[in-house]
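*Asks:* Sequence plus predicted model, see below.
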Amino acid sequence: METMQELFYRDPYAREFSATVTSCREGKKGFEVVLDDTAFYPEGGGQPSDEGTLGEAKVIFVKRVGPEIVHYIDKPLEVGSTVIGKIDWERRFDNMQNHTCEHIFSGLVHQKYKLENVGFHMDPDDITVDFSGEIPMESIPELEQLVNQAITQDIDLKIEFPTEEALEAMEYRSKKELHGVVRIVTIPGCDRCACCGTHVRRSGEIGMFKILDASKHRGGTRVRFVAGERARRDYGWRVKEIAKVSALFSAKPHEIAKAAANFIEEGKAKDQKSAQRTERYLQFVASGLVSRNGLVKVFEEDLSPFELKRFAGMLKEKFPESSIGVFSPIEGGFNYVIASSDPELPKFSKSLNAKLNGRGGGRDGMVQGTYRVDKEAVEEAFDEIFSK
């Protein structure tokens, strides 16, 4: 079969076809089958391959290998047999809608800003396009509107294979210089581009286009968008999630951002009050402590690592000549902070970690981490190390 004359090019709307199996071999990804013709699009040009079935076999992936189009399937097929192929049409048409829409979008960006499409990737949920320069962020809504206007105009696409002479005289988008058989896809008024992908017949079949976000990326601009059925799916899950959040905040859908901001501010205020209460409590506990033999050790419930460190610092100010150990129970052990002016503290900390199945360290007279032993073992080891 001559390249670029396969069935998926002759009739991109073919959902079912029959073909002869010309080869079948077992490979690393299952069985590799070649047909005398195929409607299965092979991965290429940023567009994923088709999926579907060949007879009873599942088509997992399709790739062009040299002049052949290889179908990777889960069961062997008899060479010389006739097989019925069925395309996963929902997946294919979704890709056709989004690929065609990318042409319109990239073409209009090229017309307006003279920027090149330098990267194109089709994920199952959205499309990513990278451009060679910065698109003004304030122009993104206008570009979205222009693309949707082109869709509603229901423009007929034109696909041609110009001669080499005609190609040289033609202005078209391409990531590299091309020779030989070149497939040119034209969307009048929007774009002319060399492309090997599949497309809808008319722009109106795309349905709709929505930019999800745009940002600066490596000196250029990265844009994520959805079109067609993919846009409907995207809109569907967003509506559901917004409804859930709206119910949680008891706010109207268009007011949930404000409700979330208020919730966060209220949470910060509560956290601040809680921190103030904890500070007063720790000061109260500290007022009743005494240093015994140059050691102060405290076991307190429900202290975060930050609160442990704050408490140890508070006690160090009160007992500057003592070694301070603050411990808070966790499942299977303790979080700890030890503060001491003893220059041997790093050495002592390593010894305690070894004795107490511990992890952690620090500097500037303070170490912190976890011990995985019981309280009795912590007390005994702390007294032994720092009483020397």
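*Replies:* That came in fine, so what should we check first? All values derive from a computational prediction rather than experimental measurement.
*Asks:* Provide a list of residues in contact with S340.
*Replies:* Shown in contact with S340 (Cβ atoms under 8 Å, 6 or more residues apart in numbering): 322-324, 348, 365, 386. In short, each C-beta sits where N, CA and C put it, glycine included.
*Asks:* V79 too?
*Replies:* So V79 contacts 21-24 (Cβ under 8 Å, 6+ apart).
*Asks:* Helices of the stretch 201-350 of the chain, start to end?
*Replies:* Applying DSSP state H, counting those that start in this stretch to the stretch 201-350 of the chain gives helices spanning 228-249, 256-287, 305-318, 345-355.
*Asks:* List just the nearest of the contacts of V79 to V373.
*Replies:* The nearest member of the contacts of V79 to V373, counting by Cβ to Cβ, is C24 at 63.2 Å.
*Asks:* Can you list the low-confidence ranges for the chain?
*Replies:* 1-3, 388 (pLDDT under 70).
*Asks:* Give me the domain ranges for it.
*Replies:* In terms of domains, the chain is parsed into 7-87, 93-236, 252-288, 289-386 (source: automatic domain parsing).
*Asks:* my guess is L289 meets V296, correct?
*Replies:* Yes: checked against Cβ atoms under 8 Å, the pair L289 and V296 is within contact range at 5.9 Å.
*Asks:* what do these two both touch?
*Replies:* 315, 319.
*Asks:* okay, these two: which has more neighbours?
*Replies:* Higher neighbour count among L289 and V296: V296, with 22 against 15, using other Cβ atoms under 10 Å.
*Asks:* Who does the more buried one form a beta bridge with?
*Replies:* I324 (DSSP bridges).
*Asks:* From the rest of the structure, what touches the helix or strand E32 falls within?
*Replies:* E32 is part of strand 30-35 when elements are defined by DSSP states H and E. Here strand 30-35 makes contact (Cβ under 8 Å, 6+ apart) with 19-26, 54, 57, 60, 68-77, 83, 85.
*Asks:* picking that back up, list just the nearest of the contacts of S340 to K114.
*Replies:* Looking across the contacts of S340 and measuring by Cβ to Cβ, the closest to K114 is G365, at 60.9 Å.
*Asks:* Tell me which residues touch that closest one, please.
*Replies:* 316, 339-341, 345.
*Asks:* Among those, name the buried ones.
*Replies:* Neighbour-count burial (16 or more other Cβ atoms under 10 Å) applied to these gives 316, 339-340, 345.
*Asks:* Kindly reformat those residues as TSV containing distance to A259.
*Replies:* Below are the buried ones among the contacts of G365 laid out as TSV (distance: Cβ to Cβ, whole Å):
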residue	distance to A259
K316	43
A339	43
S340	48
L345	49
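*Asks:* from the residues you listed, which two are the most distant?
*Replies:* K316 and L345 (11.7 Å).
*Asks:* P42 contacts V59, correct?
*Replies:* No: with contacts counted by Cβ under 8 Å, P42 stays clear of V59, the gap being 11.0 Å.
*Asks:* how about the strands in the stretch 1-150 of the chain?
*Replies:* 16-27, 30-35, 52-54, 57-65, 68-73, 82-87, 117-122, 127-131 (DSSP state E, counting those that start in this stretch).
*Asks:* Any chance of JSON lines for these, columns mean neighbour count?
*Replies:* Shown next, in JSON lines, are the strands of the stretch 1-150 of the chain (neighbours: other Cβ atoms under 10 Å):
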{"stretch": "strand 16-27", "mean neighbour count": "14"}
{"stretch": "strand 30-35", "mean neighbour count": "21"}
{"stretch": "strand 52-54", "mean neighbour count": "21"}
{"stretch": "strand 57-65", "mean neighbour count": "17"}
{"stretch": "strand 68-73", "mean neighbour count": "22"}
{"stretch": "strand 82-87", "mean neighbour count": "18"}
{"stretch": "strand 117-122", "mean neighbour count": "17"}
{"stretch": "strand 127-131", "mean neighbour count": "20"}
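*Asks:* how far away is R238 from K176?
*Replies:* R238 sits at a distance of 38 Å from K176 (criterion: Cβ to Cβ, to the nearest Å).
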